[in-house]
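**Student:** Provided below for reference: sequence and predicted model.
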Amino acid sequence: MSEVLWLVPTIPLLGSIILLCTEGRLPKLAVAVIGSGSVGLAAICALYVGTNVIGTGEWHYAETLWTWMAVGDFNPSITLYLDGLSLVMTGVITGVGFLIHLYATGYMWEEEGYSRFFAYMNLFVFAMLMLVLGDNLLTLFLGWEGVGLCSYLLIGFFHSDPANGYAARKAFVVTRVGDTLMALGLFLLFRELGTLEIQAALDSATIAWSDGSGINTAICLLLLGGAVGKSAQVPLQTWLPDAMAGPTPVSALIHAATMVTAGVYLIARMQDMFMLPGPAMHWVAFVGLVTLFISAFTALVQTDIKRILAFSTMSQIGYMFLALGVGAWSAGIFHLMTHAFFKALLFLASGSVILALHHEQDIFKMGGLWKKLKIPFASMLIGSLALAALPGTSGFFSKDAILLTAYQESSYGLLFWVGAASAAFMTSLYTTRMILITFFGEVKTEPHDHSRINMWGPLLVLCALSIGGGWLGFMVLASYMGDGGVPLEFHADAIALLTIGVPMIGILLGYLIWGNRAIPVDKLATSSVGQRLQRFFHGGWGFDWIYDRVIVNPFVRLAQVNKSDFVDLMFTSIASLTAGIHRIVTRTQTGELRWYATNMVVGLLLVVLIVIVQA
Amino acid sequence: MMPPIEHVLVLALMLFCIGAVGVLVRRNIIFILLSLEFMMNACAMVFIAAGAKWGQPDGQIMFMLILAIAASEVAVALGIVIQMARRFRTLDVDAVSELRE
């Protein structure tokens, strides 16, 4: 096979380097071509390698580039590893990534720092590709940290507003908590197994800890900690809504399609260790369950269109974690893929709406937009239907598979199903609310649609993928990972029917509340209990509040007390001691020759005296 | 007839002390240089005496060396003295004490 896999991450890196080195001196058109073209080329390469790998019939392919470093027995190599899992991820990153880049060439046209934007975006794609293609946990960690860096740069892209810088720092610091846990997990793994190569580590782990082991559980939980941070799950989810401060294509790329799925990828990659006896799987499932439940409620009361989508992202990734936790690996990855399609679509369409309304993000200041913004409306509608998992859309196949597998889980199956199904109900409810308030009703702000083909083209492609992506999934995932792929057979029992019906009930209820207003909820909303609940949900169940009280404020107070830095005291005291001696000794430097001569004579006499006394 | 070594050493010590006191108490730089010559010659005399006592040529070699050093030292020092006289219009070393903290 011709070795072109290395080109996949290299081309975006080259694009990023070119854009960074020219420092914005290139004309905008050239920037657009380099920025989006590099990801497009990477997508073509990925497609070529992917078809080749599938064509050989073997499900994995590795390409060693060079040895990273050699320290004793520890010599990790830079090896790119392609199998079903990383192929899906690579396809999503480069394919959806390319569409988002293309859209961004139009969306960011008027903004300052056009070149800088695409440099960061390309760098981000590179880091994400290293994350999913590395066959070594060290390479994975390199990509992991690169992704964190780029998300910081992109969230704070509009750097003139300090609030954006704050959001960027928050994202960086909160994910850093997870990254630290993950690094500890890697250290522990290396100490116990002596290797960081994923396949070797998994193999020796399954042999060494086949009966379950506390160490295996500890490693899994530490890795889960990293995944929770990156994928914005409870309890490290607070950074994601604030991260909406970045430009909308960034939200689409980082906070919907790719970066937040890194945690899902990590757990799916290490699945052999998670599946060993121990409580690790249940932890994964419960993290997912709690997150999807909490964020579904939070999304219901948001007024900022991007924040609604942000919370729905958290909720959908919760579904993926739940799927991983109940062992439905391919259903989880399948949902990752379909979610990338429809969430990118939703974010890009909302970007078009926001741009047409001159950066208005409050849905209550929108309304009646469907006539004016036909393509964004259609895209938003299709994306929402897929998000709500209506039968026929891509989201339906994946979410249905997750719910049904969760129900079959032996110990907590019913609990998982009830939680996930009620969250699915909430999902369809808040999606309906978003669509009805944004696009119907009376016109509140006059939109000015000035999108070009490079903006609505990607929307149409993503529309097609959001509807048809479900069928694509069966082709790619059918023989993936040996758990039989996504269950295609259908049992017409009550659970299955309820699973399908729940979103429709949600949509109907949503229509009755916000559509023809048959059910008055204003009374509930204005009552004191309702308002308190609303505030509670709006603030994301008070996580930010608790973190501010428990961690941020004490830390700030500690920092204020320790302003002069008592560790520095040691160093400053050395410095002041030296300065004091210096002041004393400089007194002796008078510039008078005879004073020096006297000193020498006295010194000489002293030496002579000492010699005599000693002798 | 060689005088006893103790006499020579005492003479050398006296010469050295005279030189040292001269360096310390005189303020005219010419006299300080003169006193330095005293001190050096006192050292040279000890070398000569020691060489004579043990019948070794080393003492005389050292004397030659000290002579050469003294000559070159004087050459440099007189250059400094001339510069000092030109720039400061004085030969008083206490008046020239600007090189200090």
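**Tutor:** Looks like it came in fine. Residues are numbered from 1 along each chain as shown, chains lettered A, B, ... in the order given.
**Student:** next one: the top helix by length along chain B to chain centre, how far?
**Tutor:** When every helix of chain B is counted residue by residue (DSSP state H), the longest turns out to be helix B:58-88. For helix B:58-88, the distance from its own C-alpha centre to the chain's C-alpha centre is 9 Å (C-alpha atoms, centre = their mean, to the nearest Å).
**Student:** same check, this time on stretch A:456-474
**Tutor:** Its chain's average C-alpha position is 22 Å from that of stretch A:456-474, according to C-alpha atoms, centre = their mean.
**Student:** how about the top helix by length along chain A: buried residues?
**Tutor:** Under DSSP H, the helix in chain A containing the largest number of residues is helix A:162-193. Neighbour-count burial for helix A:162-193 flags A:164-165, A:167-168, A:170-172, A:174-175, A:177-179, A:181-186, A:188-189, A:192-193 (criterion: 16 or more other C-beta atoms under 10 Å in any protein chain shown). Placement of C-beta: from N, CA and C, glycine included.
**Student:** returning to what we had before: packing partners for the longest helix of chain B?
**Tutor:** Applying 3 or more C-beta pairs under 8 Å, 6 or more residues apart in numbering or on different chains; DSSP states H and E, we find helix B:58-88 packed against helix B:29-54.
**Student:** could you give the angle of the helix it packs on to helix B:58-88?
**Tutor:** Orientation of helix B:29-54 against helix B:58-88 (axes from the mean of the first three to the mean of the last three C-alpha atoms, to 10 degrees) gives an angle of 180 degrees.
**Student:** how about helix B:29-54: buried residues?
**Tutor:** Buried residues in helix B:29-54, defined by neighbour count with 16+ other C-beta under 10 Å: B:29, B:32-33, B:35-36, B:38-42, B:44-51.
**Student:** same for it, what does it pack against?
**Tutor:** Identification of packing neighbours for helix B:29-54 by 3+ C-beta pairs under 8 Å, 6+ apart yields helix B:5-25, helix B:58-88.
**Student:** just those helices: most buried one?
**Tutor:** Per residue and on average, the most neighbours among those fall to helix B:5-25, with a mean of 15 (mean count of other C-beta atoms under 10 Å in any protein chain shown).
**Student:** starting at the chain centroid, how far to it?
**Tutor:** A distance of 10 Å separates the C-alpha centroid of helix B:5-25 from that of its chain, computed with C-alpha atoms, centre = their mean.
**Student:** may I have it exported as PDB, CA atoms only?
**Tutor:** Once side chains and other backbone atoms are set aside, the C-alpha atoms of helix B:5-25 remain, and they are given as PDB (Å, rounded to 0.1, in the frame of the first residue of the first chain):
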ATOM      1  CA  ILE B   5      73.200  37.000  58.100                       C
ATOM      2  CA  GLU B   6      71.200  38.400  61.100                       C
ATOM      3  CA  HIS B   7      72.700  41.800  60.500                       C
ATOM      4  CA  VAL B   8      71.800  41.900  56.900                       C
ATOM      5  CA  LEU B   9      68.200  40.700  57.800                       C
ATOM      6  CA  VAL B  10      67.800  43.400  60.400                       C
ATOM      7  CA  LEU B  11      69.000  46.000  57.900                       C
ATOM      8  CA  ALA B  12      66.600  44.700  55.300                       C
ATOM      9  CA  LEU B  13      63.800  44.800  57.800                       C
ATOM     10  CA  MET B  14      64.600  48.400  58.800                       C
ATOM     11  CA  LEU B  15      64.800  49.400  55.100                       C
ATOM     12  CA  PHE B  16      61.400  47.700  54.400                       C
ATOM     13  CA  CYS B  17      59.700  49.400  57.400                       C
ATOM     14  CA  ILE B  18      61.100  52.700  56.400                       C
ATOM     15  CA  GLY B  19      59.700  52.100  52.900                       C
ATOM     16  CA  ALA B  20      56.300  51.000  54.200                       C
ATOM     17  CA  VAL B  21      56.000  53.900  56.600                       C
ATOM     18  CA  GLY B  22      57.000  56.200  53.700                       C
ATOM     19  CA  VAL B  23      54.200  54.700  51.500                       C
ATOM     20  CA  LEU B  24      51.700  55.200  54.300                       C
ATOM     21  CA  VAL B  25      52.500  58.600  55.500                       C
END
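**Student:** mean confidence score for it?
**Tutor:** Within the predicted structure, the mean pLDDT of helix B:5-25 is 93.
**Student:** which outside residues touch that helix?
**Tutor:** Helix B:5-25 is contacted by residues A:594, A:597-598, A:601, B:31-32, B:34-43, B:45-46, B:49-50, B:53 when judged by C-beta atoms under 8 Å, 6 or more residues apart in numbering or on different chains.
**Student:** please apply the same query to stretch A:284-297.
**Tutor:** The contact list for stretch A:284-297, computed with C-beta under 8 Å, 6+ apart, reads A:224, A:228, A:232-234, A:237, A:267, A:274, A:311-312, A:314-326, A:406, A:409, A:412, A:415-416, A:419-420, A:422-423, A:426-427, A:430, A:537, A:540-541.
**Student:** do the same with stretch A:146-164
**Tutor:** If you take C-beta under 8 Å, 6+ apart as the criterion, stretch A:146-164 is touched by A:113, A:116-117, A:120-121, A:123-124, A:126-128, A:130-131, A:165, A:167-169, A:171-172, A:175-176, A:179, A:230, A:243, A:245-247, A:250, A:254, A:259, A:262.
**Student:** what's the closest non-adjacent residue to B:A49?
**Tutor:** For B:A49, ignoring the flanking residues on the chain, the nearest one in space by C-beta to C-beta, 6 or more residues apart in numbering or on different chains is B:V8 at 4.0 Å.
**Student:** alongside chain B, which residues does chain A contribute?
**Tutor:** With C-beta under 8 Å from any C-beta of the partner chain as the criterion, chain A comes near chain B at residues A:586, A:589-594, A:597-598, A:601.
**Student:** again, 10 Å this time
**Tutor:** Taking C-beta under 10 Å from any C-beta of the partner chain as the contact definition, chain A meets chain B at A:582-583, A:585-595, A:597-598, A:600-601, A:604-605.
**Student:** could you pull out the helices for the stretch 51-200 of chain A?
**Tutor:** Ranges of helices within the stretch 51-200 of chain A are A:84-91, A:97-107, A:114-133, A:137-155, A:162-193, A:198-208, based on DSSP state H, counting those that start in this stretch.
**Student:** can you check the stretch 401-550 of chain A too?
**Tutor:** Using DSSP H, counting those that start in this stretch, the helices assigned to the stretch 401-550 of chain A run over residues A:413-439, A:453-477, A:494-510, A:522-526, A:528-538, A:543-547.
**Student:** those into CSV, with extra columns for mean neighbour count?
**Tutor:** Compiled in CSV, those are given as follows (neighbours: other C-beta atoms under 10 Å in any protein chain shown):
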stretch, mean neighbour count
helix A:413-439, 22
helix A:453-477, 20
helix A:494-510, 17
helix A:522-526, 11
helix A:528-538, 13
helix A:543-547, 15
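**Student:** where in chain A is pLDDT low?
**Tutor:** Under the criterion of pLDDT under 70, the regions of chain A flagged as low confidence span A:1-2, A:57-59, A:449-451, A:472-493, A:522-525.
**Student:** rewinding a little: for the helices and strands packed on helix B:29-54, which one sits closest to A:L202?
**Tutor:** Among the helices and strands packed on helix B:29-54, the nearest to A:L202 by C-beta to C-beta is helix B:58-88 (81.2 Å).
**Student:** run through the bridge partners of A:N136.
**Tutor:** Beta bridges link A:N136 to A:E197 when assigned by DSSP bridges.
**Student:** my read: it touches A:F190, true?
**Tutor:** No - the pair A:N136 and A:F190 fails to qualify as a contact (C-beta atoms under 10 Å) at a distance of 11.1 Å.
**Student:** which neighbours do those two have in common?
**Tutor:** Common neighbours of A:N136 and A:F190 (criterion: C-beta atoms under 10 Å, 6 or more residues apart in numbering or on different chains): A:196, A:201.
**Student:** now the residue in chain A positioned nearest to chain B. Its backbone dihedrals?
**Tutor:** Proximity of chain A to chain B (C-beta to the nearest C-beta) peaks at A:G591, 3.3 Å away. Note on A:G591: its backbone torsions stand at phi 80, psi 0 [degrees, to the nearest 10].
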